[in-house]
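Student: Below are the sequence and a predicted model for it; my questions follow.
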Amino acid sequence: MLWRTWLLLIQILSFGGTCVWADIYMHNPRGSNNKLNEQNNNRNNGNRLFDSQNNGNGGYNHGDKCDGPCHGNGNGENAEYNKDLPGAGEGIMEFYEGSELQVEWTNQHGCGLNPRLHCNVVMQYMCEDSAPGLRDGTTTDTIPVIDADNIVYPNDWLTYGQHEPFWYYNQCSVRPRNKGLFLADRNLGGGQATARYTRQNNGGTRYGYECPEEKDYYPYWHPTPWRDIYTCTDEPARCSYYREQSQNVVNKGNCSLPSYNVKLDCENAGGRWEFVGKWNMDKPECGICPTTRNNHLGEASNSPGQGPHYTWTIPEDLHPDGALCVLRIRYNISTFDYDGWSTDSLFNGQNSKVKGNPTNDFVGLGQNSSGPLTLNINTAQFGRTFQDRSHVFRIRKAPKDLKRNFIGTSKIINLNVRGRRGNIVQVYPSVEYDFVPNTIAAIWSLSALKA
């Protein structure tokens, strides 16, 4: 029933707005932008794990663990990279639970208290308890779709990278989309009606096992394998909504009949609305995003000398020692052509407030003088969501005696190296080598070193 879905929309729509290009790149921990082990600056496959919407030059390769350089036969510094050497592609970051990790990123078109736009940033993580099979893989090919009714894994199955599990994508591909959402003048896949099809992805293109509808909207109205860490906005009055609707604290469900999207419709059809359970975690932190200017991948104005960042305390007592996890960050940028919070499916099609490639006399001097002119506008890029994800990392239990090495504090701070080899032109839009955090205030103690 359309009206009921429309009411649902009023409660959940958060990413709304207008046309821009606005990449986001995560620099610590290093964001992959779908890269793995390419020996060229551009990624090989933008569909490998997720839909980033970013420039293909961005991102960092997976780490190595060779005994010496992973070049040639392992001894030649100037030889080409050899992905077949022992340890190549096996490097993995590890973080102690309870430690502080400074997550750092750059976003292209501004955010925070920038008066030219609306923006949101959402940070989440996912571990193998909710995403069995989580891995980076060893091939840049996209993981194949398998038969949900007769699951047979190919022999090369583990060579493919996988973030979300297949069952999650399969639910998305058969579940009806939210018909209350604003589509502008887009035709979704010739009338396709599942959650694979969105205004930004009207052809239902597959990116790993990601669900396109969930990727484009937050907080999502069905259960996901992602746990919320942090969200920020230019409108802090929205924070209470984001925090209260997080799956950290709200039990969300699906219909046992996959063709139903709304609880009442599901139950009227004889189905069961099956709740999967909330994460039972703290609500995500929320505030004003770091302020950055337009068309600039650089520092935040409220953090001189540093890019936009957030300090994440790795959760304690939630995951077993060595749990595999992945971090993602999403960024939505919207201008002021329409109000994304009040624009819904009533404004689709001919009623759309924005239309693709409009032709008119925009200057106003008459059709034979200053018109007709056509603007190059793609309505898939109005209110657009970008993302980046880390490579897989491990959460480790902190050794029991480690905290005794810190006098007057129990903090463990992760000091990481960000960036990649090359000068700023060669690595752009990634960054050159540096430490994160760049500055740490600590008290020197010889007794701590001897402990």
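Tutor: Thanks, I have it.
Student: which ones are touching the closest residue to N170 other than its chain neighbours?
Tutor: The shortest distance from N170 to any non-neighbouring residue, by Cβ to Cβ, 6 or more residues apart in numbering, is to A148 (4.9 Å). Any C-beta I mention is one placed from the backbone N, CA and C, and that applies to glycine too. Neighbouring residues of A148 by Cβ atoms under 8 Å, 6 or more residues apart in numbering: F166, W167, N170.
Student: quick one: which of these sit in helices?
Tutor: Judged by DSSP state H, the subset of the contacts of A148 located in helices is F166, W167, N170.
Student: List just the nearest of these to N261.
Tutor: Of all those, the one with the least separation from N261 (Cβ to Cβ) is N170, at 15.3 Å.
Student: ok, that closest one - how many residues close by?
Tutor: Look at N170: counted by other Cβ atoms under 10 Å, it has 17 neighbours.
Student: cool, and L117?
Tutor: The burial count assigned to L117 is 19, neighbours taken as other Cβ under 10 Å.
Student: Could you verify my assumption that it touches I333?
Tutor: Yes. Counting by Cβ atoms under 8 Å, I333 is a contact partner of L117 at 5.9 Å.
Student: Identify the bridge partners of T194.
Tutor: Partner residues in beta bridges with T194: P176, with DSSP bridges as the criterion.
Student: Next one, pLDDT for it please.
Tutor: According to the prediction, T194 has pLDDT 92.
Student: Next: G190.
Tutor: At G190, the pLDDT value in this model is 62.
Student: picking that back up, among the ones in helices among the contacts of A148, which one sits closest to C211?
Tutor: Using Cβ to Cβ, the ones in helices among the contacts of A148 come closest to C211 at N170, 9.9 Å.
Student: State the number of residues packed around R243.
Tutor: Other residues near R243 come to 18 when the count uses other Cβ under 10 Å.
Student: try G203
Tutor: For G203, which is what you asked about, the neighbour count (other Cβ under 10 Å) is 14.
Student: quick one, helices of the stretch 1-150 of the chain?
Tutor: With DSSP state H, counting those that start in this stretch, the ranges of helices along the stretch 1-150 of the chain come out as 2-12.
Student: List the buried residues in stretch 416-423.
Tutor: The neighbour-count check on stretch 416-423 (16 or more other Cβ atoms under 10 Å) flags N416, R418, G419, R420 as buried.
Student: wait, which of these is closest to N438?
Tutor: R418 (9.5 Å).
Student: pretty sure that closest one contacts V436?
Tutor: Yes. Here R418 lies in contact with V436, judged by Cβ under 8 Å, at a distance of 4.8 Å.
Student: Which neighbours do those two have in common?
Tutor: By Cβ under 8 Å, 6+ apart, R418 and V436 have these common neighbours: H27, N28, E104.
Student: Tell me where the longest strand sits in this structure.
Tutor: Under DSSP state E, the strand in the chain containing the largest number of residues is strand 323-334.
Student: The following helix or strand past that strand: partners in the sheet, and parallel or antiparallel?
Tutor: Using DSSP states H and E, the next helix or strand after strand 323-334 towards the C-terminus is strand 359-360. Paired neighbours of strand 359-360 in the sheet (DSSP bridges): strand 373-374 (antiparallel).
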